[in-house]
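**Q** My questions are about this predicted structure, shown below with the sequence.
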Amino acid sequence: MSERRDEKESDLEKKLSYKADFAWPKYTEEQKRAARVLAQDYLIFLKETRTERERVAFAERLAQGKGFRQVELGESAAPLKAGEKVYYVNRGKNIALFVVGDAPMTSGHRFIGAHGDFPRLDLKIDPLYEKDGFALFKTHYYGGIKKYQYATVPLVLAGVVAKKDGDLVKIDVGSEPDDPVFVIPDLLVHLAHKVQGERKAFDTIKAEEMNAVVGALQIGDEKAKNRFKLNVLSILNEKYGITEDDFHSAELSLVPAITPRYIGLDKSMVGAAGQDDGASTFLALRAILDLAPGAATGTTGTTGTGIFDKEETGSNGPTGAQSSWMQSVVADMVSRTGVEASLTNVHLAFRAMKMISADVTAALDPSFGSVHDPQTAAMAGKGVVVEKYSGSGGKRGTNDATAEYVGFIRRVFSEANVPFQFGTLGQVDAGGGGTIAMFFAQNFNCDVVDCGVPVLNMHSPYEVTHIADLYSGYLAYKAFLSA
Ligand code: MN
Ligand code: MN
(Lines give C-alpha, C1' and ligand atoms only; values in the text may rest on other atoms or scores of the structure.)
(Ligands and ions follow the chains in the order given, each with its own letter.)
Protein backbone atom coordinates (compact mmCIF):
# COMPACT_ATOMS: atom_id res chain seq x y z
CA MET A 1 0.00 0.00 0.00
CA SER A 2 2.56 2.51 1.10
CA GLU A 3 4.72 1.78 -1.91
CA ARG A 4 1.89 2.65 -4.26
CA ARG A 5 1.20 5.90 -2.46
CA ASP A 6 4.91 6.89 -2.75
CA GLU A 7 4.81 6.23 -6.44
CA LYS A 8 1.78 8.42 -6.81
CA GLU A 9 3.38 11.20 -4.83
CA SER A 10 6.53 11.16 -6.91
CA ASP A 11 4.45 11.18 -10.11
CA LEU A 12 2.59 14.16 -8.77
CA GLU A 13 5.82 15.87 -7.84
CA LYS A 14 7.16 15.33 -11.34
CA LYS A 15 3.98 16.72 -12.79
CA LEU A 16 3.59 19.77 -10.58
CA SER A 17 6.99 20.78 -9.18
CA TYR A 18 9.83 22.63 -10.83
CA LYS A 19 13.42 21.60 -10.33
CA ALA A 20 16.45 22.45 -12.45
CA ASP A 21 18.81 19.52 -12.86
CA PHE A 22 22.49 19.42 -13.70
CA ALA A 23 23.04 19.70 -17.43
CA TRP A 24 25.95 17.35 -18.09
CA PRO A 25 24.07 14.05 -17.47
CA LYS A 26 21.37 15.23 -19.89
CA TYR A 27 23.79 15.57 -22.80
CA THR A 28 24.30 12.71 -25.23
CA GLU A 29 27.85 11.44 -25.73
CA GLU A 30 27.99 13.39 -28.96
CA GLN A 31 26.87 16.57 -27.19
CA LYS A 32 29.50 16.05 -24.51
CA ARG A 33 32.16 15.83 -27.20
CA ALA A 34 30.76 18.96 -28.85
CA ALA A 35 30.79 20.76 -25.50
CA ARG A 36 34.49 19.95 -25.06
CA VAL A 37 35.31 21.18 -28.57
CA LEU A 38 33.38 24.39 -27.90
CA ALA A 39 35.28 24.91 -24.63
CA GLN A 40 38.57 24.45 -26.47
CA ASP A 41 37.57 27.12 -29.05
CA TYR A 42 36.49 29.36 -26.18
CA LEU A 43 39.95 29.10 -24.58
CA ILE A 44 41.51 30.27 -27.85
CA PHE A 45 39.09 33.20 -28.03
CA LEU A 46 39.95 34.22 -24.46
CA LYS A 47 43.69 33.96 -25.14
CA GLU A 48 43.50 36.07 -28.29
CA THR A 49 41.27 38.90 -27.10
CA ARG A 50 42.62 41.27 -24.47
CA THR A 51 40.36 44.26 -25.22
CA GLU A 52 36.89 44.99 -26.59
CA ARG A 53 38.54 46.08 -29.85
CA GLU A 54 40.23 42.70 -30.16
CA ARG A 55 36.91 40.98 -29.48
CA VAL A 56 35.22 42.93 -32.26
CA ALA A 57 38.14 42.19 -34.61
CA PHE A 58 37.90 38.50 -33.68
CA ALA A 59 34.17 38.53 -34.46
CA GLU A 60 34.87 40.21 -37.78
CA ARG A 61 37.49 37.63 -38.76
CA LEU A 62 35.24 34.71 -37.92
CA ALA A 63 32.26 36.32 -39.66
CA GLN A 64 34.22 36.95 -42.85
CA GLY A 65 35.23 33.29 -42.85
CA LYS A 66 31.54 32.38 -42.77
CA GLY A 67 30.61 34.61 -45.69
CA PHE A 68 29.51 37.76 -43.87
CA ARG A 69 30.37 41.05 -45.59
CA GLN A 70 30.70 44.48 -44.04
CA VAL A 71 28.12 47.14 -44.91
CA GLU A 72 28.01 50.81 -43.96
CA LEU A 73 25.15 52.89 -42.63
CA GLY A 74 23.38 54.91 -45.30
CA GLU A 75 25.29 53.67 -48.32
CA SER A 76 23.05 53.30 -51.35
CA ALA A 77 23.11 49.63 -52.11
CA ALA A 78 21.02 46.91 -53.66
CA PRO A 79 18.40 45.48 -51.28
CA LEU A 80 19.51 42.47 -49.29
CA LYS A 81 18.18 39.07 -50.26
CA ALA A 82 17.13 36.29 -47.89
CA GLY A 83 20.18 34.32 -46.80
CA GLU A 84 22.63 37.19 -47.19
CA LYS A 85 24.96 37.81 -44.25
CA VAL A 86 26.14 41.28 -43.33
CA TYR A 87 27.72 43.17 -40.45
CA TYR A 88 28.19 46.75 -39.25
CA VAL A 89 31.12 47.98 -37.14
CA ASN A 90 31.06 51.08 -34.96
CA ARG A 91 34.49 52.62 -34.17
CA GLY A 92 36.11 49.20 -33.94
CA LYS A 93 34.44 48.56 -30.58
CA ASN A 94 30.87 47.65 -31.38
CA ILE A 95 29.59 45.22 -34.02
CA ALA A 96 26.21 43.91 -35.21
CA LEU A 97 25.88 40.90 -37.51
CA PHE A 98 22.75 39.83 -39.37
CA VAL A 99 21.54 36.85 -41.36
CA VAL A 100 18.79 38.23 -43.58
CA GLY A 101 15.41 36.52 -43.54
CA ASP A 102 12.67 36.70 -46.14
CA ALA A 103 10.25 38.92 -44.20
CA PRO A 104 10.67 42.66 -43.57
CA MET A 105 12.20 43.73 -40.25
CA THR A 106 8.87 45.33 -39.31
CA SER A 107 7.29 41.90 -39.00
CA GLY A 108 9.85 40.78 -36.46
CA HIS A 109 13.46 39.73 -36.05
CA ARG A 110 15.55 38.15 -33.33
CA PHE A 111 18.64 39.70 -31.82
CA ILE A 112 21.19 38.71 -29.19
CA GLY A 113 23.20 41.50 -27.56
CA ALA A 114 26.34 40.85 -25.54
CA HIS A 115 29.15 43.10 -24.30
CA GLY A 116 32.81 42.83 -25.24
CA ASP A 117 34.27 45.05 -22.52
CA PHE A 118 35.26 43.68 -19.13
CA PRO A 119 36.60 44.97 -15.81
CA ARG A 120 40.26 45.99 -16.00
CA LEU A 121 42.68 48.78 -15.13
CA ASP A 122 42.99 51.67 -17.56
CA LEU A 123 46.12 53.82 -17.61
CA LYS A 124 45.54 57.36 -16.43
CA ILE A 125 45.78 60.13 -18.99
CA ASP A 126 49.33 61.00 -17.78
CA PRO A 127 50.35 57.63 -16.42
CA LEU A 128 54.13 57.48 -16.28
CA TYR A 129 56.22 58.59 -13.29
CA GLU A 130 59.20 57.44 -11.28
CA LYS A 131 59.64 56.94 -7.57
CA ASP A 132 62.09 55.16 -5.29
CA GLY A 133 63.97 53.43 -8.07
CA PHE A 134 60.95 52.36 -10.11
CA ALA A 135 59.14 53.63 -13.19
CA LEU A 136 55.40 53.21 -12.68
CA PHE A 137 52.05 53.60 -14.46
CA LYS A 138 49.16 55.24 -12.62
CA THR A 139 45.85 53.50 -13.27
CA HIS A 140 42.14 54.18 -13.03
CA TYR A 141 40.07 51.03 -12.63
CA TYR A 142 37.37 50.32 -15.22
CA GLY A 143 34.15 48.71 -13.99
CA GLY A 144 33.39 47.29 -10.58
CA ILE A 145 36.37 45.47 -9.10
CA LYS A 146 37.74 44.48 -5.73
CA LYS A 147 40.95 46.42 -6.33
CA TYR A 148 43.15 44.29 -4.10
CA GLN A 149 42.48 41.27 -6.36
CA TYR A 150 44.44 42.98 -9.13
CA ALA A 151 47.62 43.55 -7.11
CA THR A 152 50.44 40.98 -7.31
CA VAL A 153 48.89 39.60 -10.49
CA PRO A 154 50.88 39.58 -13.77
CA LEU A 155 49.38 42.13 -16.16
CA VAL A 156 49.39 42.61 -19.93
CA LEU A 157 49.50 46.12 -21.37
CA ALA A 158 47.06 46.24 -24.28
CA GLY A 159 45.30 48.87 -26.34
CA VAL A 160 45.89 51.61 -28.87
CA VAL A 161 47.66 54.94 -29.11
CA ALA A 162 46.39 57.55 -31.58
CA LYS A 163 49.25 59.72 -32.75
CA LYS A 164 48.82 63.34 -33.84
CA ASP A 165 49.42 62.40 -37.48
CA GLY A 166 46.38 60.08 -37.36
CA ASP A 167 48.30 56.82 -37.06
CA LEU A 168 46.77 54.30 -34.69
CA VAL A 169 49.46 52.22 -32.97
CA LYS A 170 48.44 48.88 -31.45
CA ILE A 171 50.19 48.08 -28.19
CA ASP A 172 50.46 44.60 -26.74
CA VAL A 173 53.10 43.74 -24.17
CA GLY A 174 52.71 40.55 -22.20
CA SER A 175 50.55 38.34 -24.42
CA GLU A 176 53.43 36.30 -25.84
CA PRO A 177 55.10 33.74 -23.55
CA ASP A 178 58.48 35.54 -23.71
CA ASP A 179 57.04 39.03 -23.20
CA PRO A 180 57.62 40.84 -19.93
CA VAL A 181 54.53 41.62 -17.84
CA PHE A 182 53.67 44.29 -15.27
CA VAL A 183 52.58 44.14 -11.65
CA ILE A 184 50.93 46.29 -9.00
CA PRO A 185 52.89 45.83 -5.78
CA ASP A 186 51.09 45.04 -2.54
CA LEU A 187 52.60 45.58 0.89
CA LEU A 188 54.47 42.62 2.36
CA VAL A 189 52.51 40.91 5.14
CA HIS A 190 55.33 41.59 7.62
CA LEU A 191 54.58 45.30 7.55
CA ALA A 192 50.90 45.27 6.59
CA HIS A 193 49.22 44.74 9.95
CA LYS A 194 48.90 48.37 10.88
CA VAL A 195 48.49 50.05 7.50
CA GLN A 196 46.19 47.50 5.87
CA GLY A 197 44.95 45.39 8.78
CA GLU A 198 42.78 48.22 10.03
CA ARG A 199 41.34 49.17 6.65
CA LYS A 200 37.99 47.89 5.36
CA ALA A 201 38.50 45.00 2.96
CA PHE A 202 37.50 46.96 -0.17
CA ASP A 203 40.15 49.59 0.71
CA THR A 204 42.97 47.09 1.25
CA ILE A 205 44.52 48.80 -1.72
CA LYS A 206 43.03 52.19 -2.58
CA ALA A 207 42.53 53.48 -6.11
CA GLU A 208 45.49 55.86 -5.93
CA GLU A 209 47.71 52.99 -4.74
CA MET A 210 46.96 50.97 -7.87
CA ASN A 211 50.27 51.80 -9.53
CA ALA A 212 51.96 49.26 -11.78
CA VAL A 213 55.71 48.75 -11.89
CA VAL A 214 56.92 49.12 -15.48
CA GLY A 215 60.70 49.42 -15.18
CA ALA A 216 63.63 49.69 -12.79
CA LEU A 217 66.65 50.62 -14.90
CA GLN A 218 68.01 54.09 -15.56
CA ILE A 219 68.85 55.50 -18.96
CA GLY A 220 72.62 55.79 -19.61
CA ASP A 221 72.79 59.59 -19.78
CA GLU A 222 73.80 60.62 -16.25
CA LYS A 223 72.85 64.26 -16.80
CA ALA A 224 69.25 63.40 -17.69
CA LYS A 225 66.49 63.95 -15.14
CA ASN A 226 64.00 61.19 -14.27
CA ARG A 227 66.28 58.51 -15.67
CA PHE A 228 63.98 55.58 -14.77
CA LYS A 229 61.02 57.18 -16.49
CA LEU A 230 63.13 58.23 -19.45
CA ASN A 231 64.36 54.68 -19.92
CA VAL A 232 60.77 53.43 -20.22
CA LEU A 233 59.91 56.26 -22.63
CA SER A 234 62.89 55.47 -24.81
CA ILE A 235 61.95 51.77 -24.99
CA LEU A 236 58.36 52.69 -25.94
CA ASN A 237 59.66 55.15 -28.51
CA GLU A 238 61.96 52.58 -30.05
CA LYS A 239 59.30 49.89 -30.15
CA TYR A 240 56.20 51.92 -31.04
CA GLY A 241 57.43 55.36 -32.14
CA ILE A 242 55.45 57.11 -29.39
CA THR A 243 56.32 59.89 -26.94
CA GLU A 244 54.90 60.83 -23.54
CA ASP A 245 52.44 63.27 -25.15
CA ASP A 246 50.88 60.35 -27.07
CA PHE A 247 49.50 58.90 -23.81
CA HIS A 248 46.97 61.73 -23.93
CA SER A 249 45.24 60.18 -26.92
CA ALA A 250 45.43 56.52 -26.00
CA GLU A 251 43.26 53.71 -24.72
CA LEU A 252 45.65 51.52 -22.78
CA SER A 253 44.63 48.92 -20.26
CA LEU A 254 46.30 46.49 -17.93
CA VAL A 255 44.55 43.13 -17.97
CA PRO A 256 45.52 39.90 -16.20
CA ALA A 257 48.28 38.00 -17.99
CA ILE A 258 47.04 34.64 -16.76
CA THR A 259 46.71 32.01 -19.48
CA PRO A 260 43.12 30.78 -19.78
CA ARG A 261 42.94 27.08 -18.97
CA TYR A 262 40.73 24.31 -17.62
CA ILE A 263 40.03 24.00 -13.93
CA GLY A 264 39.41 20.72 -12.13
CA LEU A 265 40.67 17.17 -12.56
CA ASP A 266 37.66 16.57 -14.77
CA LYS A 267 38.38 19.72 -16.79
CA SER A 268 34.83 20.77 -16.09
CA MET A 269 35.50 24.50 -15.82
CA VAL A 270 37.32 27.30 -17.59
CA GLY A 271 39.40 29.82 -15.65
CA ALA A 272 40.30 33.18 -17.19
CA ALA A 273 39.90 36.93 -16.86
CA GLY A 274 37.32 38.67 -19.01
CA GLN A 275 34.70 35.91 -19.06
CA ASP A 276 32.19 38.60 -18.11
CA ASP A 277 31.54 38.98 -20.85
CA GLY A 278 33.75 36.91 -23.04
CA ALA A 279 31.40 34.00 -22.38
CA SER A 280 28.28 35.67 -23.77
CA THR A 281 30.21 37.38 -26.57
CA PHE A 282 31.76 34.14 -27.75
CA LEU A 283 28.60 32.04 -27.43
CA ALA A 284 26.34 34.60 -29.12
CA LEU A 285 28.86 34.97 -31.91
CA ARG A 286 29.20 31.24 -32.45
CA ALA A 287 25.42 30.84 -32.34
CA ILE A 288 24.85 33.14 -35.30
CA LEU A 289 27.90 31.92 -37.24
CA ASP A 290 26.92 28.28 -36.84
CA LEU A 291 23.36 28.68 -38.10
CA ALA A 292 22.75 26.76 -41.32
CA PRO A 293 25.34 28.11 -43.76
CA GLY A 294 24.35 29.95 -46.90
CA ALA A 295 20.61 29.97 -46.54
CA ALA A 296 18.32 31.86 -44.26
CA THR A 297 17.84 30.17 -40.94
CA GLY A 298 14.78 28.23 -41.95
CA THR A 299 12.62 30.92 -40.41
CA THR A 300 11.11 33.98 -42.00
CA GLY A 301 12.68 36.67 -39.87
CA THR A 302 16.12 38.24 -39.87
CA THR A 303 18.42 37.23 -37.04
CA GLY A 304 21.23 39.23 -35.53
CA THR A 305 23.90 39.38 -32.86
CA GLY A 306 25.60 42.45 -31.47
CA ILE A 307 28.61 43.10 -29.27
CA PHE A 308 28.40 46.32 -27.29
CA ASP A 309 31.00 48.27 -25.34
CA LYS A 310 31.07 50.10 -21.99
CA GLU A 311 28.53 47.82 -20.29
CA GLU A 312 30.69 47.63 -17.18
CA THR A 313 30.55 51.40 -16.75
CA GLY A 314 26.89 52.03 -17.60
CA SER A 315 26.58 51.43 -21.37
CA ASN A 316 27.40 55.08 -22.08
CA GLY A 317 29.22 56.63 -25.01
CA PRO A 318 28.83 56.10 -28.75
CA THR A 319 29.74 52.41 -28.59
CA GLY A 320 27.63 51.53 -25.54
CA ALA A 321 24.14 50.05 -25.63
CA GLN A 322 22.62 53.46 -24.85
CA SER A 323 24.02 54.91 -28.06
CA SER A 324 21.69 55.69 -30.97
CA TRP A 325 23.93 53.52 -33.16
CA MET A 326 21.62 50.52 -32.83
CA GLN A 327 18.71 52.64 -33.99
CA SER A 328 20.70 53.65 -37.07
CA VAL A 329 21.57 50.02 -37.74
CA VAL A 330 17.98 48.82 -37.51
CA ALA A 331 16.80 51.75 -39.68
CA ASP A 332 19.41 50.78 -42.26
CA MET A 333 18.34 47.13 -42.13
CA VAL A 334 14.67 48.15 -42.46
CA SER A 335 15.37 50.00 -45.67
CA ARG A 336 17.69 47.30 -47.02
CA THR A 337 15.01 44.67 -46.53
CA GLY A 338 12.36 46.44 -48.56
CA VAL A 339 10.50 48.85 -46.28
CA GLU A 340 10.85 52.62 -46.10
CA ALA A 341 12.85 53.50 -42.97
CA SER A 342 10.31 55.99 -41.62
CA LEU A 343 10.37 56.69 -37.90
CA THR A 344 7.18 54.65 -37.53
CA ASN A 345 8.63 51.69 -39.39
CA VAL A 346 11.84 51.75 -37.36
CA HIS A 347 9.79 51.81 -34.17
CA LEU A 348 7.62 48.99 -35.50
CA ALA A 349 10.75 46.94 -36.26
CA PHE A 350 11.99 47.39 -32.70
CA ARG A 351 8.56 46.64 -31.25
CA ALA A 352 8.52 43.40 -33.22
CA MET A 353 12.09 42.52 -32.23
CA LYS A 354 12.66 39.67 -29.81
CA MET A 355 15.91 39.98 -27.93
CA ILE A 356 18.16 38.11 -25.56
CA SER A 357 20.51 40.25 -23.50
CA ALA A 358 23.36 37.77 -23.27
CA ASP A 359 25.05 38.46 -19.97
CA VAL A 360 26.52 36.32 -17.26
CA THR A 361 25.15 36.04 -13.74
CA ALA A 362 26.46 34.90 -10.37
CA ALA A 363 26.95 31.21 -9.69
CA LEU A 364 26.09 30.10 -6.17
CA ASP A 365 29.38 30.34 -4.25
CA PRO A 366 29.77 27.25 -2.03
CA SER A 367 31.65 29.21 0.64
CA PHE A 368 29.47 32.32 0.67
CA GLY A 369 25.96 30.93 0.53
CA SER A 370 24.63 33.68 2.80
CA VAL A 371 24.44 36.31 0.04
CA HIS A 372 22.35 34.06 -2.21
CA ASP A 373 18.76 32.95 -1.94
CA PRO A 374 19.25 29.20 -2.45
CA GLN A 375 15.80 28.90 -3.99
CA THR A 376 16.48 31.42 -6.76
CA ALA A 377 20.27 31.32 -7.12
CA ALA A 378 21.79 29.94 -10.30
CA MET A 379 24.13 27.01 -9.89
CA ALA A 380 27.21 26.26 -11.94
CA GLY A 381 26.52 23.25 -14.14
CA LYS A 382 22.74 23.56 -14.38
CA GLY A 383 22.84 25.37 -17.68
CA VAL A 384 22.34 28.85 -19.00
CA VAL A 385 20.34 31.14 -16.68
CA VAL A 386 17.18 33.00 -17.67
CA GLU A 387 17.05 36.07 -15.44
CA LYS A 388 13.66 37.77 -15.63
CA TYR A 389 15.01 40.84 -13.89
CA SER A 390 18.35 42.08 -12.56
CA GLY A 391 18.84 45.45 -10.82
CA SER A 392 18.81 45.86 -7.06
CA GLY A 393 16.48 46.05 -4.04
CA GLY A 394 12.97 47.24 -4.83
CA LYS A 395 13.46 45.99 -8.39
CA ARG A 396 15.21 49.21 -9.29
CA GLY A 397 17.35 49.62 -12.38
CA THR A 398 16.10 46.69 -14.34
CA ASN A 399 14.20 45.54 -17.34
CA ASP A 400 11.65 43.17 -15.83
CA ALA A 401 10.78 41.00 -18.82
CA THR A 402 7.06 40.44 -19.35
CA ALA A 403 5.51 37.16 -18.29
CA GLU A 404 4.44 36.60 -21.92
CA TYR A 405 7.98 36.99 -23.18
CA VAL A 406 9.52 34.70 -20.55
CA GLY A 407 6.80 32.21 -21.48
CA PHE A 408 7.97 32.41 -25.09
CA ILE A 409 11.61 31.84 -24.07
CA ARG A 410 10.61 28.83 -21.92
CA ARG A 411 8.82 27.34 -24.90
CA VAL A 412 11.75 27.90 -27.29
CA PHE A 413 14.36 26.38 -24.96
CA SER A 414 12.14 23.46 -23.93
CA GLU A 415 11.22 22.57 -27.51
CA ALA A 416 14.93 22.55 -28.42
CA ASN A 417 15.76 20.38 -25.36
CA VAL A 418 18.17 22.95 -23.98
CA PRO A 419 19.03 22.40 -20.32
CA PHE A 420 18.55 25.74 -18.60
CA GLN A 421 17.66 27.25 -15.23
CA PHE A 422 16.01 30.35 -13.86
CA GLY A 423 17.88 32.59 -11.47
CA THR A 424 18.27 35.96 -9.84
CA LEU A 425 21.44 37.59 -8.60
CA GLY A 426 21.72 37.38 -4.83
CA GLN A 427 19.38 38.01 -1.94
CA VAL A 428 17.08 41.02 -2.09
CA ASP A 429 19.01 44.01 -0.69
CA ALA A 430 22.33 42.13 -0.77
CA GLY A 431 23.55 44.20 -3.74
CA GLY A 432 22.79 43.86 -7.41
CA GLY A 433 23.82 44.60 -10.95
CA GLY A 434 22.49 45.67 -14.32
CA THR A 435 22.85 44.68 -17.95
CA ILE A 436 22.13 46.17 -21.38
CA ALA A 437 18.58 44.72 -21.26
CA MET A 438 16.95 47.76 -19.66
CA PHE A 439 18.45 50.18 -22.18
CA PHE A 440 17.11 48.21 -25.12
CA ALA A 441 13.75 47.80 -23.42
CA GLN A 442 13.27 51.46 -22.59
CA ASN A 443 14.87 53.04 -25.66
CA PHE A 444 13.42 50.71 -28.25
CA ASN A 445 10.30 49.22 -26.67
CA CYS A 446 11.39 45.69 -27.55
CA ASP A 447 10.93 42.40 -25.73
CA VAL A 448 14.16 41.41 -24.04
CA VAL A 449 15.28 39.10 -21.27
CA ASP A 450 18.68 38.42 -19.72
CA CYS A 451 20.13 35.01 -20.39
CA GLY A 452 23.72 33.94 -19.77
CA VAL A 453 25.97 31.48 -18.01
CA PRO A 454 26.67 31.54 -14.26
CA VAL A 455 30.15 32.68 -13.22
CA LEU A 456 32.17 32.13 -10.07
CA ASN A 457 34.69 34.86 -9.04
CA MET A 458 32.93 37.38 -11.27
CA HIS A 459 34.93 40.56 -12.06
CA SER A 460 38.11 39.03 -10.61
CA PRO A 461 41.33 38.34 -12.53
CA TYR A 462 40.34 34.67 -12.65
CA GLU A 463 36.67 34.09 -13.38
CA VAL A 464 35.29 30.56 -13.59
CA THR A 465 32.64 29.12 -15.90
CA HIS A 466 31.35 25.55 -16.31
CA ILE A 467 31.70 23.80 -19.68
CA ALA A 468 28.17 22.33 -19.40
CA ASP A 469 26.81 25.86 -19.03
CA LEU A 470 28.86 27.21 -21.91
CA TYR A 471 27.44 24.50 -24.17
CA SER A 472 23.94 25.11 -22.84
CA GLY A 473 24.34 28.82 -23.63
CA TYR A 474 25.41 28.01 -27.15
CA LEU A 475 22.43 25.69 -27.66
CA ALA A 476 20.05 28.24 -26.13
CA TYR A 477 21.24 31.14 -28.29
CA LYS A 478 21.09 28.97 -31.41
CA ALA A 479 17.59 27.77 -30.54
CA PHE A 480 16.49 31.36 -29.98
CA LEU A 481 17.90 32.58 -33.29
CA SER A 482 16.25 29.71 -35.17
CA ALA A 483 12.91 29.83 -33.34
MN1 MN B 1 30.09 42.67 -15.33
MN1 MN C 1 28.36 41.08 -18.25
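**A** Thanks, I have it. Ligands and ions are numbered 1, 2, ... in the order given.
**Q** Show me which positions of the biggest strand by length in the chain end up buried.
**A** With residue count as the measure and DSSP state E as the assignment, the chain has strand 120-131 as its longest strand. The neighbour-count check on strand 120-131 (16 or more other Cβ atoms under 10 Å) flags 120-124, 127-130 as buried. (C-beta placed from N, C-alpha, C; glycine too.)
**Q** Can you name the element that comes right after the least confident helix or strand in the chain by mean pLDDT?
**A** Of all regular secondary-structure elements in the chain, judged by mean pLDDT, DSSP states H and E, the least confident is helix 2-16 with a mean of 73. Going down the chain from helix 2-16, the next helix or strand is helix 29-48, by DSSP states H and E.
**Q** How about the residues of the stretch 301-450 of the chain by ligand 2?
**A** Asp359 (Cβ under 5 Å from the ion).
**Q** Show me the helices in the stretch 101-250 of the chain, by range?
**A** Under the criterion DSSP state H, counting those that start in this stretch, the stretch 101-250 of the chain contains helices at 192-195, 227-240.
**Q** quick one, the last one and strand 120-131 angle?
**A** Here helix 227-240 points in a direction 130 degrees away from that of strand 120-131 (axes from the mean of the first three to the mean of the last three Cα atoms, to 10 degrees).
**Q** returning to that earlier point: out of the helices of the stretch 101-250 of the chain, which comes closest to Gly432?
**A** helix 192-195 (31.6 Å; Cβ to Cβ).
**Q** Would you mind pulling the contact partners of that closest one?
**A** The contact list for helix 192-195 (Cβ atoms under 8 Å, 6 or more residues apart in numbering) reads Leu187.
**Q** mind redoing it with 10 Å?
**A** Residues from elsewhere that reach helix 192-195, judged by Cβ atoms under 10 Å, 6 or more residues apart in numbering: 186-187, 199, 204.
**Q** roughly how far out does that helix sit from the chain middle?
**A** Relative to its parent chain, helix 192-195 has a centroid offset of 37 Å by Cα atoms, centre = their mean, to the nearest Å.
**Q** next one: stretch 443-451
**A** 17 Å.
**Q** How about stretch 414-428?
**A** With Cα atoms, centre = their mean, you get 19 Å for stretch 414-428.
**Q** Show me what counts as buried in that stretch.
**A** Those would be 418-421, 423-426, for stretch 414-428 by 16+ other Cβ under 10 Å.
**Q** Point me to the residue of the stretch 301-450 of the chain nearest ligand 2.
**A** Nearest residue of the stretch 301-450 of the chain to ligand 2 (Cβ to the ion) works out as Asp359 at 4.2 Å.
**Q** what's the burial count for that residue?
**A** 26 (other Cβ atoms under 10 Å).
**Q** how close does it get to Val339?
**A** 31 Å (Cβ to Cβ, to the nearest Å).
**Q** go on, Asp309?
**A** 29 Å.
**Q** which of those two has more neighbours?
**A** Asp309 (28 against 17).
**Q** Number of residues surrounding the closest residue to ligand 2 within the chain?
**A** Going by Cβ to the ion, ligand 2 is nearest to Asp277 of the chain, at 3.7 Å. Asp277 has 30 neighbouring residues, counting by other Cβ under 10 Å.
**Q** just checking, Arg411 touches Val418?
**A** No: between Arg411 and Val418 there is no contact under Cβ atoms under 10 Å: 11.3 Å.
**Q** rewinding a little: single out the most deeply packed of the helices of the stretch 101-250 of the chain.
**A** helix 227-240 (a mean of 17; mean count of other Cβ atoms under 10 Å).
**Q** helices or strands up against that one?
**A** strand 120-131, strand 134-142, strand 155-162, strand 168-173, strand 211-215 (3 or more Cβ pairs under 10 Å, 6 or more residues apart in numbering; DSSP states H and E).
**Q** now with 7 Å?
**A** In terms of contacts (3 or more Cβ pairs under 7 Å, 6 or more residues apart in numbering; DSSP states H and E), helix 227-240 is packed against strand 120-131, strand 134-142, strand 211-215.
**Q** Could you export the ones you listed as TSV, including mean pLDDT and distance to ligand 2?
**A** Compiled in TSV, the helices and strands packed on helix 227-240 are given as follows (pLDDT from 0 to 100; distance: least, Cβ to the ion, whole Å):
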stretch	mean pLDDT	distance to ligand 2
strand 120-131	98	13
strand 134-142	98	13
strand 211-215	98	25
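**Q** so is His347 in a helix, a strand, or just coil?
**A** Recorded secondary structure, His347: helix (DSSP: H, G, I helix; E, B strand; the rest coil).
**Q** err, Lys81, not the other one
**A** Going by three-state DSSP: Lys81 is coil.
**Q** What of Ala441?
**A** helix.
**Q** does it really touch Asp400, like I thought?
**A** No: judged on Cβ atoms under 7 Å, Ala441 makes no contact with Asp400 at a distance of 8.8 Å.
**Q** more neighbours, those two?
**A** Ala441 (20 against 15).
**Q** With adjacent residues omitted, what lies nearest to that one?
**A** Asn399 (3.9 Å; Cβ to Cβ, 6 or more residues apart in numbering).
**Q** Please list all residues in contact with the one you found.
**A** 389, 437-438, 441, 448 (Cβ atoms under 7 Å, 6 or more residues apart in numbering).
**Q** Same question for Thr465.
**A** Counting by Cβ under 7 Å, 6+ apart, Thr465 has contacts 269-270, 275, 279, 453, 455.
**Q** tell me the secondary structure for it?
**A** Under three-state DSSP, Thr465 comes out as strand.
**Q** start to end distance for stretch 434-449?
**A** 12 Å (Cα to Cα, to the nearest Å).
**Q** List the buried residues of it.
**A** 434-441, 444, 446-449.
**Q** And it, how far out from the chain middle?
**A** 17 Å.
**Q** tell me the contacts of the residue nearest the centre of the chain?
**A** In the chain, the residue lying closest to the centroid (Cα atoms, centre = their mean) is Asp277, at 1.7 Å. By Cβ under 7 Å, 6+ apart, the residues touching Asp277 are 114-115, 118, 311, 359-360.
**Q** Could you tell me the model confidence score at it?
**A** With respect to pLDDT, Asp277 scores 96.
**Q** in which helix or strand would I find it?
**A** helix 275-289.
**Q** now that helix, how far from the chain's geometric center?
**A** 8 Å.
**Q** Can you tell me, leaving aside adjacent residues, what's nearest to the residue nearest to the centre of the chain?
**A** His115 (4.8 Å).
**Q** Which residues are in contact with the one you found?
**A** Contacts of His115 by Cβ under 7 Å, 6+ apart are 277, 307-309, 311, 359, 436.
**Q** Between those residues, which sits nearest Gly65?
**A** Ile307 (16.8 Å).
**Q** how many other residues sit next to the closest one?
**A** 31.
**Q** Quick check: bridge partners of it?
**A** Ile95, Ala114 (DSSP bridges).
**Q** I'd guessed Leu73 sits against Gln327; true?
**A** No: with contact defined as Cβ under 7 Å, Leu73 does not count as touching Gln327 (10.6 Å).
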